[in-house]
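build me a structure from this.
(chains A, B and C)
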Amino acid sequence: MVVPLISIILLAPLAAFTIFALLGLAKRSFPRQDLLSTAAMLVALGCSLYLLKEVVPKPDPHTVDWISLGNITFSMGFYLDSVTVIMLIVVTLVSSLVHIFSIGYMHGDPRYPRFFAYLSLFSFSMLFLVVSDNLLGIYIGWELVGLCSYLLIGFWFEKDSAANACKKAFLTTRVGDVGMFIGMMILFWQLDFKTFSLYGEGGIFSAVATTDDKLWLSIAGILIFCGAIGKSAQVPLHTWLPDAMEGPTPVSALIHAATMVAAGVYLTARMFPILTPSSSLVIAYIGGITAIVAATIAIVRFDIKRVLAYSTISQLGYMMLAIGAGSYVAGLFHLTTHAFFKALLFLGSGSVIHAFHAMHAHHDDDHADNAEHDHSLVHEHGSEIPPDQDMRNMGGLRRKMPITFITMLIATLSISGVPFIFSGFWSKDKILGGVLGRAMEWNSIHHYVLFGIALCAAGITAFYMFRLIFMTFFGEPRNQEMHNMAHESPWVMTVPLIVLAALSFPVVNHLWFNKDYVKPPPQPHIQAPQHAYVPSDTKIGFTLFGLSEAEAADEEGGTDTEQSDKAHHAHEVAHNIAMVLSIIVAGLGILLSWLFYHRRRFSAEAVATTFRPVYNLFWNKYYFDEFYDGVLVTLTVWKARLFAKFDLSIIDGIVNGVATITQKIFAASIGFFDNRVVDGIVNRVAEVTWAAGGRIRRIQTGAIQTYLFVVLGGIVLIILIFRAL
Amino acid sequence: MLLSLMIFVPLLGMIVVLLLPRDSEELIKRVTLGFTLIPLILAVYLFIDYKSTPDTQYAVSVPWIDAFNINYHIGIDGLSVTLMLLTALLGPICVLASWRNIEKGIKAYMALFLLLETGMLGFFAALDLFLFFVFFELTLLPMYFLIGVWGGPRREYAAIKFFLYTLFGSVLMLVALIAVYLSSGIPGERTFDIPTLITLAGTPGHALADPTFQIWVFLGFFIGFAVKVPIFPFHTWLPDAHVEAPTAISVILAGVLLKMGTYGLVRINMAMFPEGMAFFSNGIGFWGNSLALLGFVNIVYGSFCALAQTDFKKLVAYSSIGHMGFVILGLAARNTMGVSGAILQMFNHGVISAMLFLLVGVLYDRAHHREINGFGGLAGKMPIYAGFTTLAFMASLGLPGLSGFVGEALSLLGAFDTFKVLTILSTIGIVVGAAYFLWTLQRVFLGKLNPKYEELPEINKREILTLVPLGILTIVLGIWPNFALDMFRESVDELVTLMNTFQAGL
Amino acid sequence: MSLQHYLVISSILFTLGIFAVLTRRNAISILMGIELILNSCNLNFAAFSRFVIPLEEVEGKIIQNIDGQIIAIFGIVLAAAEAAVFLAIILAIYREFGSIRPDEVDTLKG
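Purely as a prediction, here's the structure:
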């Protein structure tokens, strides 16, 4: 049952795209491409839900040989475990809802059918990535989703900003992908695994347990993680994601919030068994840094979509941090909850933008007049915010758009970690608890630092998300003209919002809390360091967080099983601590936001002026874009020009020089000899012949009778001669 | 017999075309198309009928010049049948691509084109070193005239450069060829027969198997083929020739002629001089890395040069140089994966670059210039054309799911075993490759429509017809590479086994 | 009649022909001269065949060799063909030059 179901899940969206492509070749289009694509997605969703009921838990690779070379075979196949099925459901569900939302949002667009065809292609690629049982298959899906992201970011390609953004997205992620490919090559040759299959006998995961080349394993792990850095927009390759907001908002919701960017997290989780302590730590740090950096940038954005984009980056950093800290379940749990509430936030912002749609069209015309043709690879990040996305133009929308407001509020409460009744709280708490648990269990200073970072990021998240809500939906309208035009969106757009809002409550938590359902794969190369559980250290660790000496003393010593019990206990304690702290910081963030942006007790501008350098750093996004454009891109283009010039002047110059030398020197001297000597003789002979001919020709009179007379005379002469003889 | 028929049908076509009256252009085109379709049908038949074994099939050997023991010896193995299919496929496509845009002397053009096709097909089938050389040179002459007469403004410069450059390589090759002949035995037993020479070169103690001899002869042949591939620093004829050549000739040039260089490397350099090959690619010391180094330089240098180009066709030409670098790198690996990847990349590059040049030609026919910066926003105006270009670009920059990826990935993967650092550095080419293609895509298709091109007509049916078979191949080979790999698996295995017994024992 | 008689007639015809060819200003006349020369030759062939070659005896019969006469007949056929060609040439010359006087048709002059 599995193979046909998966085939349907994959082929349904692919078929929707293929129909579009084939008809496009004949300059036609399917009359209702939107319904076709949506139907395909709903079919896939149905099959995924069926899989949830039927198959799991029964991990079972189904493979076919893809490339066979000598004794090496690359196979392609599916691997279904509980995580895969959950991912399948998340992808198909969010994708279906985004399809439905787009029917309303994209209505009237000149390339309306094409949009749905691209969405279908994306869904296929993403699902392929999710179910693949080997690195090569994942890599294929990985690059294909990149292509779809490229096509969809550049969907409104007439805008130069969109054209730049899609190129940037593709190139930035490709840098990461190359790292991933190198990592794969290292796994293949350096570690001598000779396969890209992950599971089963002879798969990477069984081979990894026996290898002891920790150095190369760490390097391979980090390089494969590079792919995730690119795709999941982690620091330092995160800059493409905010720019990707140039794409239509449903695309941002589907690709750049819920699914594709989460693929990096999914990949890292899939590669969980090959991680070593050092590669884990790198992942955790990159995740942590990303979480805090993106969160701080989000505070000062005014573009509603950019705020959400940086929030996405920050949350993805969270997930990476979780996986790096060994909290496999927590990372994936947050992935799913985040997919729902972030998709909801984006769709909600899309609904707001849609409300200003008339303005949007108007703005486009303006843009057309002013925009200059920018064709350089180096482009300005003139963060000129479109007026319909600028939160400074919004305010007071809660009365105009009640459904959008309520659903977005639910999502915001969820992402901010408001306790107990929202899913985001549980997943975020699981991450924080996991990190703190690892810190306490290993007594690792790194993980304490990371926990601190994560906690800060959580507080900031609550702050900027409520800033968004207050600026958009509360207060007085700041732009009366636009406000008058705003209206609640049609039902095709609000229904997906409501469904996603329902999913922002903890409805699927039981799957993640069921230890028999989702089991983290073993990590053969990660053991607790030797110095863990040393009594004095433990004491310090525990007293730091307010545990009694007596409790801490209980943790000391013991056999292995006791130790693991204690580790378990440490994690439980850590979760409780983390829960309390996260509730505190979330509350603090919301409170501050309320004071700043609703009550106006403090002025954000005043704070910004006071801390001008810090504000500038946040406002300019830590100068990453400036660095990349000013240094890397310029350097690359400069180098390319240098190479081209070198090619044209030096290499080609040598070639032409050789030709010239041959022509001028050798050819000229040989030519001289040839002209004067060889040809001289020839010419003399010719001249003599010529002159002789001139004389002799007089004999030819042209009169036939003369000739005859001569003939006759000749005969007579011959006869006479013969007679004489 | 079938093979000879396939090779000489275009030659017969040339005679028929020459007998046709000059004025009946439509007839000439149709007859040419017919005569290029016959080899295609035969090639498809061969491709299906071919059994993957290491032996040569369809072999024919007839004495030709007895005095020097030269035979008309032809036959195919997996490698040649793949490339012959490519050649035969591009034949009719190029005739279709020349349907409207050759304005003068269509008769001579078509006749020369058919002669060229005979030369190319014969080259891939030849199993006698002398015959091999003759066919190699036979392609040169028609190419010279096709560029020199029907080319762009600087056609004569380009044609002469192409001709002399290749001839320069051929001379070294000829010297090496004679050296091989003279060393092959005592007078009277000397031979040009390639399979025999391969056996002799593998016989310990034979003059041909002497490592020093092999290295020098290897170099002679290598330079001859390097000009054709082209390998840095012998590449500068390529951009000029491409820019000046008419569309169809660019397609043949990139699609087939470049492959003649790499095919020669596999057929002669690797199989006949395994010691020489080992010396230049065993990964030990400078010389042991030199072949991979050339591959790396080709990739990175070609890619960066392409990034700086503003002429669409020149950009594609430099990208060809970059992509041929992957072939060299894969061959230098000397393992099954690398060599298979390289051969696959040869075929794929033939298909993809043919598409790219056809697409450039489509645009040039409409706008009459190729300046990338002069366009913009064409995606809205010509969506089907934009779709095809995106497909070709994505295939060329190695998007998985399309054929370019498989060849590149296998080449890199194979090379990584021996040349770790060079392979990692070569991946720069993947990023830069994406950069120049995407940048071009942006400058030509995205952004605001340049008002000059409001009236640009969409790609027409004939042009679509030329692109569709190539597009299908690109997708099919990307999804199911075994389709092509099955053809030359046995041949590659044998070649790799042969080479692995030699490790340059100097 | 003996051989001498034939030879004398033949010589007279030949001389008359030569004279006509060398002196006449009209191409037709030259043609007639050539015909005379040819016929004098034919006469010689027939005469020599009749008088010079001895009779043979084959299977008891006396047989006269007639090779010369046959050649003479070939000669006559040839003369007819030649005349036709010659007249065609004359016609062409007349069209080209407007004259059939050989001394006026001297474009082959060196």
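
any idea of the mean pLDDT in the helix or strand hosting residue B:221?
Element membership of residue B:221 [criterion: DSSP states H and E] is helix B:211-228. For helix B:211-228, mean pLDDT is 92.

can you give me how far that helix is from the chain middle?
Its chain's average C-alpha position is 19 Å from that of helix B:211-228, according to Cα atoms, centre = their mean, to the nearest Å.

what about dumping the CA coordinates of the helix or strand hosting residue B:95 to CSV?
Secondary structure from DSSP H and E places residue B:95 in helix B:78-97. C-alpha atoms of helix B:78-97 as CSV (Å, rounded to 0.1, in the frame of the first residue of the first chain):
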residue,chain,number,x,y,z
GLY,B,78,29.3,1.9,-26.3
LEU,B,79,31.1,5.1,-26.4
SER,B,80,31.1,5.6,-30.2
VAL,B,81,27.5,4.6,-30.6
THR,B,82,26.4,7.2,-28.0
LEU,B,83,28.3,9.9,-29.8
MET,B,84,27.2,8.8,-33.2
LEU,B,85,23.6,9.0,-32.0
LEU,B,86,24.3,12.6,-30.8
THR,B,87,25.9,13.5,-34.2
ALA,B,88,23.0,11.9,-36.2
LEU,B,89,20.5,13.7,-34.0
LEU,B,90,22.0,17.1,-34.4
GLY,B,91,22.2,16.7,-38.2
PRO,B,92,18.5,17.2,-39.0
ILE,B,93,18.2,19.7,-36.2
CYS,B,94,20.9,21.8,-37.7
VAL,B,95,19.3,21.6,-41.2
LEU,B,96,16.1,22.8,-39.7
ALA,B,97,17.9,25.5,-37.9
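
what residues does the stretch 101-250 of chain A have near chain B?
Contact residues, the stretch 101-250 of chain A versus chain B (Cβ under 8 Å from any Cβ of the partner chain): A:139-140, A:142-144, A:147, A:150-151, A:154, A:157-158, A:160, A:162-164, A:166-167, A:170-171, A:174-175, A:178, A:181-182, A:185, A:188-190. For every residue, glycine as well, the C-beta is placed using N, CA and C.

what does the helix or strand hosting residue A:614 contact?
Using DSSP H and E, residue A:614 maps to helix A:612-619. Applying Cβ atoms under 8 Å, 6 or more residues apart in numbering or on different chains, the contact partners of helix A:612-619 are A:296-297, A:299-300, A:607-609, A:623.

now the element after it, going C-ward?
According to DSSP H and E, the helix or strand after helix A:612-619 is helix A:624-627.

for that following helix, buried residues please.
The neighbour-count check on helix A:624-627 (16 or more other Cβ atoms under 10 Å in any protein chain shown) flags A:624-625 as buried.

for that helix, the distance to its chain's centre please.
On Cα atoms, centre = their mean, the centre of helix A:624-627 falls 19 Å from that of its chain.

one more: stretch A:249-264?
Relative to its parent chain, stretch A:249-264 has a centroid offset of 9 Å by Cα atoms, centre = their mean.

where along the chain do the strands fall?
As the question left the chain open, I've gone with chain A. Assigned by DSSP state E, chain A shows strands spanning A:62-69, A:72-78.

right idea, wrong chain: chain B
Using DSSP E, strands in chain B cover B:57-65, B:70-76.

ranking the ones you listed by mean pLDDT, which is last?
strand B:57-65 (a mean of 88).

contacting residues around that one?
B:1-4, B:46, B:50-51, B:70-77, B:127-128, B:130-131.

and the residue of chain C that's closest to chain B?
Nearest residue of chain C to chain B (Cβ to the nearest Cβ) works out as residue C:92 at 30.3 Å.

on that earlier part again, from the contacts of strand B:57-65, which are also near chain C?
Within the contacts of strand B:57-65, nothing lies near chain C by Cβ under 8 Å from any Cβ.

show me how to select, in PyMOL, the buried members of those.
In PyMOL, this line selects whichever of the contacts of strand B:57-65 come out buried by 16+ other Cβ under 10 Å:
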select buried, chain B and resi 3+46+50+70+71+72+73+74+75+76+77+127+128+130+131
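
could you count how many residues lie near residue B:422?
20 (other Cβ atoms under 10 Å in any protein chain shown).

does it touch residue B:289 like I think?
Yes: between residue B:422 and residue B:289 there is a contact under Cβ atoms under 8 Å: 6.8 Å.

so what sits against both of those two?
By Cβ under 8 Å, 6+ apart, no residue touches both residue B:422 and residue B:289.

follow-up on the earlier one: the residue of chain C closest to chain B: which element?
helix C:67-97.

helices or strands next to that helix in the packing?
With contacts defined as 3 or more Cβ pairs under 8 Å, 6 or more residues apart in numbering or on different chains; DSSP states H and E, the packing partners of helix C:67-97 are helix C:27-51.

tell me the strands beside the following helix or strand past the helix it packs on, with direction?
Moving toward the C-terminus from helix C:27-51, the next helix or strand (DSSP H and E) is strand C:56-58. Paired neighbours of strand C:56-58 in the sheet (DSSP bridges): strand C:61-63 (antiparallel).

burial check on residue 407, number of neighbours?
In the absence of a named chain, chain A is used. 26.

oops, chain B please
Residues near residue B:407, counting by other Cβ under 10 Å: 29.

does it touch residue B:352 like I think?
No: judged on Cβ under 8 Å, residue B:407 makes no contact with residue B:352 at a distance of 9.5 Å.

ok, residue A:613 - how many residues close by?
7.
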